[in-house]
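Enquirer: Attaching a predicted model along with its sequence, questions to come.
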Amino acid sequence: MGKKINWIGIIVLVLVLSALCFAQGFEDLEKSVVEYTLSNGLKLIIMERHEAPVVSFSTYANVGGVNESKGITGISHVFEHMAFKGTRTVGTKDYPAEIKAMHKEDSLFNEILKERQKENRADQERLKSLGEEFTKAQDEARVYVESNEFGTVVQEEGGVGLNAGTSYDATVYYYNLPSNKLELWMSLESDRFLNPVLREFYKEKDVVMEERRLRTESSPYGKLFEEFLAIAFKAHPYGEPLVGHMSDIQSLTRQEAENYFKEHYSPNNLIIGIVGDVKPQEVIKLAETYWGRIPRGPEPKPVVTVEPEQLGERRVEVEDKSQPIVAIGYHIPNATHPDKPLLDAISDYLSSGRSSRLYKSLVKEKKIAIGAFGGPGMPGEKYPNLFMFAAVPSKDHTNQECEDAIYEEIEKLKTELITPEDLKAIKTRTRANFIRQLESNQGLAMQLTFYQSVWGDWKELFKQLDKINQITAEDIKKIANEYFKKTNRTVAELVTIK
């Protein structure tokens, strides 16, 4: 039999070499970035990459769940849906007639809200009559809608990956086009921020409410994590559900959504990342023409609420006819804090794949769980957040067993130094994972805008490898003791009932 090949060693060597090669190219990548700010405050971050005749676009709106208030929770997510509905010229067959029909919808919905808010005095017969009129008004407005015209135009012109995502920290719109369609993107994308039309608003609210039913109200895990965040954050808006409270979504009006747009979607609250086969000066010239026509808006109100220091362990139980699960969260600083690379390293060590400590201990050795993981950034990263651990007990085992086993692994971090071999492996995987995010044009566009928003400088992206290289075993032990304390802990359990 031939000599056994050390595939793991070869893979690690390849990752290390790839990381070194990419690190050497970091300086060239950074030099290829051009930053430009229009007079209305819109920031452009442009990177030339001419390997293929394509370009990736990322429009980063510095608004998410944390910017919402009681009564309008979920509005950021609703508006994400609205941004694909078109403008005064895209998505409509007859805009003047459509806007009249939409005003009729709004008037009837406001009447329904007034009647509902009478609580026990609501006239059910009138509500029924108004509901019928409202349904008819929706049908009348829908006659003028050219469904999905925005997406169709993008697709017909060779666009791919048209999508968006709403988080607690931001809302991001992105897609890719052939590089000879740069001006088309400028025209389409700027138009939906200059002349947005919130058509099919009430229909789309129904879609969002159905999402909430599926992801939260009909999902045991969804219910658990909503309760978990609600007790972990008693002051900061990270404690509110990103999808919104059902009653808030139900009562949300088109006027409230339009007001929210005016406050948070002005060009001075947007960052655009453009990476691919482009010339920066051409991008800037087109941006001045298309994006420069949008007036600067008021500066959005900052999130001033700070989560107070936790004074003792908090616990919550959710009962359901489902598989049990336990979630444990510790408060940690935001993404820009010097401890963030160390927390990422702990995440890698404890929960990165089948070789991680949590998997080996809970799943393979003790066989008390079918899955276990841990990591920072729950539910966002712009503000102080949670390092969350979770485990799903295996048959005939309990949440308590899993919870105790997680604490055992945490305690080892607090009392023992990880080995030099483990530290080297952590750094190798962390570098590889970081680099993997930057391999595509889209990944780079999104990372550049993220760092610009959260750190205030996209150049911080290119300093991350140095921070990873500086990690020591002593530092990991120190911050484990600093953050993983009982008084800083929130525990949520899904308890199975018959």
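Expert: That came in fine, so what should we check first?
Enquirer: only C-alpha atoms for contact and neighbour calcs from this point on.
Expert: Noted.
Enquirer: what about the helix or strand where Leu350 lies, distance to the chain center?
Expert: When elements are defined using DSSP states H and E, Leu350 is found to belong to helix 340-351. Here helix 340-351 shows a centroid-to-chain-centroid distance of 20 Å under the convention CA atoms, centre = their mean, to the nearest Å.
Enquirer: these two touch, right, Thr415 and Ile476?
Expert: No: in terms of CA atoms under 8 Å, Thr415 does not count as a neighbour of Ile476; the distance is 10.6 Å.
Enquirer: Please report the distance of Phe233 from Glu307.
Expert: Using CA to CA, to the nearest Å, one obtains 7 Å as the distance from Phe233 to Glu307.
Enquirer: Quick check, pLDDT for Glu115.
Expert: The score at Glu115 is 90. That number is its pLDDT.
Enquirer: And for the residue lying closest to it once chain neighbours are set aside, the neighbour number?
Expert: Sequence neighbours aside, Ala122 is the residue nearest to Glu115 in space, at 5.5 Å (criterion: CA to CA, 6 or more residues apart in numbering). When counting by other CA atoms under 10 Å, one arrives at 14 neighbours for Ala122.
Enquirer: And Ala122, its phi and psi?
Expert: As for Ala122, its main-chain torsions (degrees, to the nearest 10) stand at phi -60, psi 140.
Enquirer: Do I have it right that it meets Arg116?
Expert: Yes: in this structure Ala122 lies within contact range of Arg116 using CA under 8 Å: 5.8 Å.
Enquirer: re earlier: who does the helix holding Leu350 touch, helix- and strand-wise?
Expert: The elements that helix 340-351 packs onto, with contact taken as 3 or more CA pairs under 8 Å, 6 or more residues apart in numbering; DSSP states H and E, are helix 357-358, strand 369-378, helix 420-436, helix 464-469, helix 473-483.
Enquirer: and the ones you listed as a markdown table, adding mean neighbour count?
Expert: A markdown table is the format used below for the helices and strands packed on helix 340-351 (neighbours: other CA atoms under 10 Å):
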| stretch | mean neighbour count |
| --- | --- |
| helix 357-358 | 26 |
| strand 369-378 | 21 |
| helix 420-436 | 17 |
| helix 464-469 | 15 |
| helix 473-483 | 17 |
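Enquirer: just so I know, which of those lies nearest Pro295?
Expert: Among the helices and strands packed on helix 340-351, strand 369-378 comes nearest to Pro295, with 34.4 Å by CA to CA.
Enquirer: pLDDT averaged over that closest one - what is it?
Expert: The predicted confidence, averaged over strand 369-378, sits at 94.
Enquirer: gap between that strand and the chain center?
Expert: In terms of CA atoms, centre = their mean, the centre of strand 369-378 is set 18 Å apart from its chain centre.
Enquirer: so what strands line up beside it?
Expert: Applying DSSP bridges, strand 369-378 is found paired with strand 385-393 (antiparallel).
Enquirer: which residues are contacting the strand it pairs with?
Expert: Contacts with strand 385-393, where a contact means CA atoms under 8 Å, 6 or more residues apart in numbering, come from 238, 323-334, 368-379, 399, 402-403, 406.
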